[in-house]
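Peer 1: got a predicted structure here, sequence first:
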Amino acid sequence: MKKDIIIDFNHVTKRFKLYKNDKKRLLGVFSKKVPYKEKLAVRDVTFQVARGETVAFFGRNGAGKSTILKMITGVSYPTKGTIDVRGRVSALLELTSGFDPELTGRENIFLKGQLCGLLDDEIKSLEDEIIEFADIGEYIDQPVRTYSSGMRARLGFAVNVNIRPEILIVDEALSVGDKEFRSKCLDRVNEVIENDNVTLLFVTHSTSTAKQFCKRGIYLVNGQLKYDGDIDQAIALYEDAGKAAKRRRRAKKELALAEAEFARTGSEEARLKMEEAQKKLDKARAMIRELNKVGSEQ
C-alpha cells in the first residue's frame, strides 16, 4: 500500500549569514561587501513523513532541529533543496506569534485562525472550545498586552492545538503553564493524534515525553541526519551522545588541571595525571566519532 506522504524534505541545506551586529546585518541587505560568518545549520537532509505518523527530533542545541521545523512551517526557507508540505500546519514554536497585543484575546483568536487559513465561520465554531481550553476568564475580552506571559502562552496553545491541524509541530511548547495545564496540554495533543489522524513533529529534550507520543525518531548532529527509524534506537543514540559529550568535557577539564599542575611542579604524579586524563579524553572522542558514523551506515 502506497504511503500518503504529507511532508517531503528533499536534500535540504540551510545556510545563515551571521553579522557582527544589527547595523551590519542591515547594511548586508544592500551590500555584499559587509563581512559575515556563514553558519551551515542544515546539511543535505532528506526524509519523508506519512500522514498520521508521529516523529520526534533529537539532537544537541544547534543540531538543526528547530531550523527544520521552521522551514516546514514556512517561517524560513531552504538555501538548497525542496520542501513539499501537503496539509494545514499548526506550529507550537513561539506560542504567541501572530498575536496583536492591542487586540483582545477573542479578537486574536480570529486573527490567528485567519492566518492559518480558516474561514470566519470555522473560527466561530471553534471559539468557545478555544476559550474554555485557555481558561483565562474575563481576560479573554481584554487586550493581550495586559496579559502575563503565562496567559499569553495558554491562549497561544489553546488556539494552535484546537484549529483542527493536519500537521502539528511542537517545539518544547509543552512546558507552558502550571502542572495542571501542562497535563491538559499533553492530554489534548494525545487526543488530536489518536482521533484526528494528525501528523506530529515533536522536538524536546525530554526523551520520556517524546516516547509517550512518538514511534519514530530522527537524530541530528551538526545539521546532518544521523539516524531515522525506531524511537527507542533514536533515544539510545541521543542519550549515548550526551554521555560521551559529558565525559569529554570532564576529561578536558581534568587534563587542563593536570597540565597546569605539571607546569607548576614538574612532578611525576602530575605527569601521570596528564596521561590518564588524555586517555579519558581520547576514549570519549572515539565514542563520539563512532556515534557520528551511524548516519552513513543506515
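Peer 2: Everything's here; your move. Remember, predicted model here, so these are calculated numbers, not experimental data.
Peer 1: how close does D120 get to K39?
Peer 2: For D120, the distance to K39 (Cβ to Cβ, to the nearest Å) stands at 41 Å. In this view, the C-beta of every residue, glycine as well, is placed from N, C-alpha and C.
Peer 1: specify which residue of these two has the higher count of neighbours.
Peer 2: Here D120 and K39 are compared on neighbour count by other Cβ atoms under 10 Å; more neighbours surround K39, at 13 against 10.
Peer 1: look at the more buried one and tell me its secondary structure.
Peer 2: Reducing the assignment to helix, strand or coil with DSSP: H, G, I helix; E, B strand; the rest coil, the entry for K39 is strand.
Peer 1: please apply the same query to the one 3 residues further on.
Peer 2: Under the three-state scheme (three-state DSSP), the conformation of V42 reads as strand.
Peer 1: just give me the neighbour total for the nearest residue to it once chain neighbours are set aside.
Peer 2: Distances taken as Cβ to Cβ, 6 or more residues apart in numbering place K14 nearest to V42, at 4.1 Å, with adjacent residues excluded. Other residues lying near K14 total 22 when counted by other Cβ under 10 Å.
Peer 1: and K14, which helix or strand is it part of?
Peer 2: Counting by DSSP states H and E, the element that carries K14 is strand 5-18.
Peer 1: so where do the helices sit in the stretch 51-200 of the chain?
Peer 2: Listed in chain order, the helices of the stretch 51-200 of the chain (DSSP state H, counting those that start in this stretch) span residues 65-73, 105-115, 120-134, 149-161, 179-196.
Peer 1: so which of those helices gets nearest A234?
Peer 2: Of all the helices of the stretch 51-200 of the chain, it is helix 65-73 that lies closest to A234, at 12.2 Å by Cβ to Cβ.
Peer 1: quick one: the closest one to strand 5-18, angle?
Peer 2: Calculated by axes from the mean of the first three to the mean of the last three Cα atoms, to 10 degrees, helix 65-73 forms an angle of 120 degrees with strand 5-18.
Peer 1: helix 65-73 packs against which elements?
Peer 2: For helix 65-73, the contact count by 3 or more Cβ pairs under 8 Å, 6 or more residues apart in numbering; DSSP states H and E identifies strand 5-18, strand 37-50, strand 54-58, strand 80-85, strand 89-92, strand 167-171, strand 199-203 as packing neighbours.
Peer 1: could I have the CA atoms of that helix written out in PDB?
Peer 2: Once non-C-alpha atoms are left out, helix 65-73 reads as follows in PDB (Å, rounded to 0.1, in the frame of the first residue of the first chain):
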ATOM      1  CA  LYS A  65      16.000  20.600  14.800                       C
ATOM      2  CA  SER A  66      14.200  24.000  15.100                       C
ATOM      3  CA  THR A  67      15.600  25.200  11.800                       C
ATOM      4  CA  ILE A  68      14.000  22.100  10.100                       C
ATOM      5  CA  LEU A  69      10.600  22.800  11.800                       C
ATOM      6  CA  LYS A  70      10.700  26.500  10.800                       C
ATOM      7  CA  MET A  71      11.300  25.600   7.200                       C
ATOM      8  CA  ILE A  72       8.400  23.100   7.300                       C
ATOM      9  CA  THR A  73       6.100  25.900   8.600                       C
END
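Peer 1: what does that helix contact?
Peer 2: Contacts with helix 65-73, where a contact means Cβ atoms under 8 Å, 6 or more residues apart in numbering, come from 7, 9, 12, 14, 41-42, 45, 57-59, 76-78, 83, 85, 89, 91, 93, 167, 169, 171, 201, 203, 220, 223.
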